[in-house]
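Engineer: I'll drop the sequence and a predicted model, then ask my questions.
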Amino acid sequence: MSQEEELHVLDDQPGASEHVVHAHPDHDGHDHDHDDHDHDDEHHDETPLADLSPIPVHGYWKSLAELDGTAAWQVSRTGHEFPPEADATTKDPLSRRNFFHLMGASMALAGVGACSRYEKEEIVPLARRPEDQTPGVTQEYATAFELGGVGHALVATAFEGRPIKLDGNPEHPFASGGVVTGTERHAGCSTFAQASILHLYDPDRAQSPTNKGTGSSFEAFRAALGTLASTAGALTTTHVLSEASSSPTLRALRARLVGAGAQWHEYEPLS
């Protein structure tokens with residue numbers, strides 16, 4: 001762009017047009033009116049706007065187009081406030097439309113699930129409340145844990161009939177260890193005894209008998225025992241595998257089966 005000075009002269013009257021005078025030093029110092037010459041500059045071909053302030057509020061111009069106050073600058077200032085495709089959707093798969101689709105499907109599934117009917121149940125109080133048991137209050141009782149055929153005296157803490165904690169029984173003569181510091185719990189409880197309570201809540205615990213790896217029932221088990229008992233000499237080919245136990249009841253059952261010809265085997269992974 002050639003060196004030129006642009007002087008803006010604005011009439012004090014409202015609505016007066018703007019006149020621009022150019023001074024070219026290479027033309028013998030003569031001034032030329034802007035309307036007498038045809039220039040290639042884009043901002044000279046535009047019609048000035050009369051409603052634009054000659055001096056910005058902040059006192060600075062951003063460009064020559066703003067200084068001239070042309071219509072092109074006015075359109076670019078107001079018509080292109082946001083960049084092109086500013087309102088276009090992004091490449092994010094979770095768009096606003098997809099989000100509402102997913103939410104609508106979730107609400108539909110929730111509505112279908114709420115329409116299902118459940119079996120009618122009634123909550124009634126106990127006709128005879130268990131003795132020495134208050135709802136919401138734990139209860140302690142003495143019990144024993146058997147490991148390798150040896151019994152360990154324990155005190156079980158139960159909540160509404162379900163054991164939740166095992167501790168040593170300090171009143172048992174064979175109990176070992178003292179009281180845990182800061183508590184009233186006896187320390188005479190092994191890690192195996194502590195972990196044995198998890199067997200009651202094991203989801204993989206067997207719920208019924210099995211027959212050669214397949215599920216069976218207690219009725220089928222009792223029928224098979226009846227068949228063995230009624231068949232002469234059938235118990236001679238019967239083998240029983242169990243853990244070591246010092247229970248008097250189990251000892252009596254073992255004596256009856258062994259006396260009839262059955263084979264009794266005991267196995268302990270830890271001995």
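Structural biologist: Yes, it's here.
Engineer: so where does Ala224 fall, helix or strand?
Structural biologist: Assigned by DSSP states H and E, Ala224 belongs to helix 218-230.
Engineer: ugh, wrong one, I meant Ala144
Structural biologist: Under the criterion of DSSP H and E, Ala144 resides in strand 139-147.
Engineer: now that strand: mean pLDDT?
Structural biologist: Averaged over strand 139-147, pLDDT sits at 88.
Engineer: the very next helix or strand once past it: partners in the sheet, and parallel or antiparallel?
Structural biologist: Next helix or strand after strand 139-147 toward the C-terminus (DSSP H and E): strand 150-159. Each strand paired with strand 150-159, and its direction, by DSSP bridges: strand 139-147 (antiparallel), strand 162-168 (antiparallel).
Engineer: any chance of those strands in a markdown table, plus mean neighbour count and distance to Gly213?
Structural biologist: Any C-beta I mention is one placed from the backbone N, CA and C, and that applies to glycine too. Formatted as a markdown table, the strands paired with strand 150-159 follow (neighbours: other CB atoms under 10 Å; distance: least, CB to CB, whole Å):
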| stretch | mean neighbour count | distance to Gly213 |
| --- | --- | --- |
| strand 139-147 | 14 | 28 |
| strand 162-168 | 17 | 31 |
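Engineer: make TSV out of those and add distance to Phe99.
Structural biologist: What follows is those, written out as TSV (distance: least, CB to CB, whole Å):
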stretch	distance to Phe99
strand 139-147	52
strand 162-168	45
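Engineer: do you know how far Arg96 is from Leu166?
Structural biologist: 57 Å (CB to CB, to the nearest Å).
Engineer: select the longest helix from the protein.
Structural biologist: Scanning the chain for the helix with the most residues, using DSSP state H, yields helix 96-114.
Engineer: which elements pack onto that helix?
Structural biologist: Helices and strands in packing contact with helix 96-114 are not found; criterion 3 or more CB pairs under 8 Å, 6 or more residues apart in numbering; DSSP states H and E.
Engineer: then that helix to CSV, C-alphas only?
Structural biologist: C-alpha atoms of helix 96-114 as CSV (Å, rounded to 0.1, in the frame of the first residue of the first chain):
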residue,chain,number,x,y,z
ARG,A,96,-27.3,-33.7,22.5
ARG,A,97,-29.6,-35.8,20.3
ASN,A,98,-28.0,-39.1,21.2
PHE,A,99,-28.0,-38.1,24.9
PHE,A,100,-31.8,-37.6,24.8
HIS,A,101,-32.2,-40.8,22.9
LEU,A,102,-30.4,-42.8,25.6
MET,A,103,-32.2,-41.0,28.4
GLY,A,104,-35.5,-41.8,26.7
ALA,A,105,-34.7,-45.4,26.3
SER,A,106,-33.6,-45.6,30.0
MET,A,107,-36.8,-44.0,31.1
ALA,A,108,-38.8,-46.4,28.9
LEU,A,109,-37.1,-49.5,30.4
ALA,A,110,-37.6,-48.1,33.9
GLY,A,111,-41.3,-47.7,33.2
VAL,A,112,-41.6,-51.2,31.8
GLY,A,113,-39.8,-52.6,34.9
ALA,A,114,-42.2,-50.7,37.2
